[in-house]
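>>> Kindly generate the corresponding structure for this input.
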Amino acid sequence: MKNLIFYLFFLVTPIFSQDILPLRERAILIDQIQKDRIENLLPKLMEEQGIDMWLMITREYNEDPVVKTLLPPTWLNARRRTILVFSKNKSGLQPVAITRYNFGKNILSIWNKEKQPDQWKALSDFIVSRNPKKIGVNISDYIGIADGLAKTDYDELIKVLPPKFQKRIVSAETLAVRWIETRTTLEMKLFSQLVEITHNIIKEAFSTKVITPGVTSTEDVVWWMREKVLKLGLKTWFHPTVDIQRSGNSDLYGFDGKSKFDIIMPGDLVHCDFGITYLTLNTDCQELAYVLNPEEKDAPYFLKEALKQGNAVQDALTRNFKKGRTGNQTLIKAIKESKSDGLRPQIYTHPLGLYGHSAGTTFGMWDAQEGVPGSGDHPLYEDTVYAIELNARVYVEKWQKDIRVMLEEAGYFGPNGFRYVNGRQKELILIGKKSSFLE
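Numbers count the residues shown, from 1 in each chain. Model prediction:
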């Protein structure tokens, strides 16, 4: 009861550094998240996909990406050869491990090595005893996260199974994607707080506490972010970037790795791309800040208007979210509507959750604005989260050049439609803004 009260308090309390759970408490909560997903989510997904047995085989340091989402919080890797079997029948879902050890608290081992020394034979015997109609394994042509079964393990599986069961093996690609993309009620309570932590770190990074105009470089801010995350006991799932657009700079920052080592100056438009990993979930956020000149109290009107164009591209994308519509279909509609409104969009939105670049439908890539074969053909489902990542190219007459308004925010699509997980940026962060009592 004490732990339950603690977690209920945690889920409704604003969170930043002082409220981030210690590792032991995280492990307890992660166990609860995984237990909820296995018991309540997985049976529905297996029923939805018509698969009555889901088989995962992986090895230490060569983990299937789906198995990694199931690793107990006290396991950093799989152990030896790890075999997990989720078997669905009339009495419900039976999760078992055919391993030397219990797979944490939620999946217990049924293999007695002393009675049956051959792990593969033990697996075959269990499959035969359950007599499944479809045996899903993680193989996929398009989705890397769903293609975790190594050829060696596949060959051994085929070798040991009776012929009639070999014929029942099917790709579990869509089941794997649905498992990874679907968020539970508990996870969504946590997700909002993860995004809040991310926003708070960016807000602090884009302040005079970190940035001294004329002195601080973009790389200084990048490494401050890395150190901040480390001090909070968190992780980043990718190395952050910070870059600048400014008047008189002929380079238009794109995706070429340029403009990363500039000294930040007054009058700069500063952009970051940053995400964290916490409690099995990931965030991915891009925000913009303006460095005030000494005489300024606000960002220039033309930059505020440019941000509105970025928001308009976001709206064109998210208002087209519809259950069953593919990412490719949504992308084409959003680009067409944006252009008809006079915008110059580029959309490259991706699933977000158990991985940063996660499984689910894809809404374009920066170099694939006509659609993405495979992942872009996956339909949009409810209870999913996406990094709404895109940019609007805007001509700034005062600077005599184009800029890109690059934005990224976590958004949730559910039974009531689309919403941002923890809001989105609609005003530029101001670096050097004076406190109100000084004005």
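>>> what are the bridge partners for K235, then?
Applying DSSP bridges to K235 yields these beta-bridge partners: T277.
>>> Please report the distance of it from L108.
According to Cβ to Cβ, to the nearest Å, K235 stands 29 Å off from L108. Backbone N, C-alpha and C define where each C-beta goes, glycine included.
>>> same question, N311
50 Å.
>>> Check A359 too.
Where L108 is concerned, A359 sits at a distance of 27 Å (Cβ to Cβ).
>>> which of those two has more neighbours?
A359 (30 against 13; other Cβ atoms under 10 Å).
>>> so what's the closest residue to G148 other than its chain neighbours up against?
Closest residue to G148 apart from its sequence neighbours, by Cβ to Cβ, 6 or more residues apart in numbering: D64 at 2.9 Å. Each residue near D64 by Cβ atoms under 8 Å, 6 or more residues apart in numbering is listed here: 56-58, 138, 148-149.
>>> So which of the residues you listed belong to strands?
Applying DSSP state E to the contacts of D64, the entries found in strands are 56-58.
>>> Same list (the residues you listed) but as a markdown table, adding distance to W75 and pLDDT.
As requested, the ones in strands among the contacts of D64 are exported to a markdown table (distance: Cβ to Cβ, whole Å; pLDDT from 0 to 100):
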| residue | distance to W75 | pLDDT |
| --- | --- | --- |
| M56 | 14 | 96 |
| I57 | 16 | 96 |
| T58 | 12 | 94 |
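>>> mind checking how far S124 is from E156?
Applying Cβ to Cβ to S124 and E156 gives a distance of 10 Å.
>>> what do you get for L123?
Plainly put, L123 is 9 Å away from E156 if you go by Cβ to Cβ.
>>> of those two, who's got more company?
Taking neighbours as other Cβ under 10 Å, L123 and E156 compare with L123 leading, 22 against 16.
>>> what's the spatially most central residue of the chain sitting at in phi/psi?
The chain has L352 as the residue nearest its centroid, 2.5 Å off, counting by Cα atoms, centre = their mean. Backbone geometry at L352, expressed as degrees, to the nearest 10, gives phi -140, psi 140.
>>> Skipping adjacent residues, who's closest to it in space?
A387 (4.4 Å).
>>> isn't there a strand covering the one you found?
Yes - assessed by DSSP: H, G, I helix; E, B strand; the rest coil, A387 belongs to a strand.
>>> Who is it paired with across the strands?
H350, A410.
>>> if I pick it, what's in contact with it?
Taking Cβ under 8 Å, 6+ apart, one finds 284-285, 349-352, 356, 408-411 in contact with A387.
>>> wait, Y348 sits on I388?
No - in this structure, Y348 is not within contact of I388 by Cβ atoms under 8 Å, at 10.1 Å.
>>> between these two, who's got more neighbours?
Neighbours were counted for Y348 and for I388 using other Cβ under 10 Å; I388 has more, 26 against 20.
>>> nearest spatial neighbour of the more buried one, skipping sequence neighbours?
Closest to I388 by Cβ to Cβ, 6+ apart is G411, at 4.7 Å.
>>> again, but for I429
Spatial nearest neighbour of I429, excluding adjacent residues (Cβ to Cβ, 6+ apart): A289 at 3.8 Å.
>>> Checking the one you found next. Helix, strand or coil?
Taking three-state DSSP, the label given to A289 is strand.
>>> Quick check: it touching Q425?
No - A289 is beyond contact range of Q425, at 9.7 Å (criterion: Cβ under 8 Å).
>>> Look at those two and report which has more neighbours.
Set side by side, A289 and Q425 show more neighbours around A289, with 25 against 22, by other Cβ under 10 Å.
>>> returning to what we had before: adding distance to T280 and neighbour count, write the contacts of D64 out as a markdown table.
Formatted as a markdown table, those follow (distance: Cβ to Cβ, whole Å; neighbours: other Cβ atoms under 10 Å):
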| residue | distance to T280 | neighbour count |
| --- | --- | --- |
| M56 | 17 | 24 |
| I57 | 22 | 26 |
| T58 | 18 | 23 |
| N138 | 19 | 26 |
| G148 | 17 | 23 |
| L149 | 22 | 21 |
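>>> which SSE is A334 in?
helix 327-340 (DSSP states H and E).
>>> List the buried residues of that helix.
By neighbour count on 16 or more other Cβ atoms under 10 Å, the buried set for helix 327-340 is 327-335, 337-338.
>>> Please apply the same query to stretch 73-91.
Residues of stretch 73-91 classed as buried by neighbour count (16+ other Cβ under 10 Å): 73, 78, 81-88.
>>> now swap in stretch 233-246 and tell me
234, 236, 240-246.
>>> Among the residues you listed, which one lies nearest to L41?
The closest of the buried residues of stretch 233-246 to L41 turns out to be L234 (Cβ to Cβ; 25.3 Å).
>>> What ranges in the protein fall below the confidence cut-off?
1-18, 249-261, 435-439 (pLDDT under 70).
>>> Tell me how it divides into domains.
According to automatic domain parsing, the chain comprises the domains 2-179, 183-438.
>>> Would you mind finding the most buried of those domains?
For these, the largest average neighbour count (mean count of other Cβ atoms under 10 Å) is found in domain 183-438, namely a mean of 18.
>>> can you give me the offset of that domain from its chain's centre?
Computed by Cα atoms, centre = their mean, to the nearest Å, the separation of domain 183-438 from the middle of its chain amounts to 14 Å.
>>> quick one: the closest residue in space to L175 that isn't next to it in sequence from K88, how far?
Closest residue in space to L175, ignoring its immediate chain neighbours: Q49 at 4.5 Å, by Cβ to Cβ, 6+ apart. Going from Q49 to K88 by Cβ to Cβ gives 11 Å.
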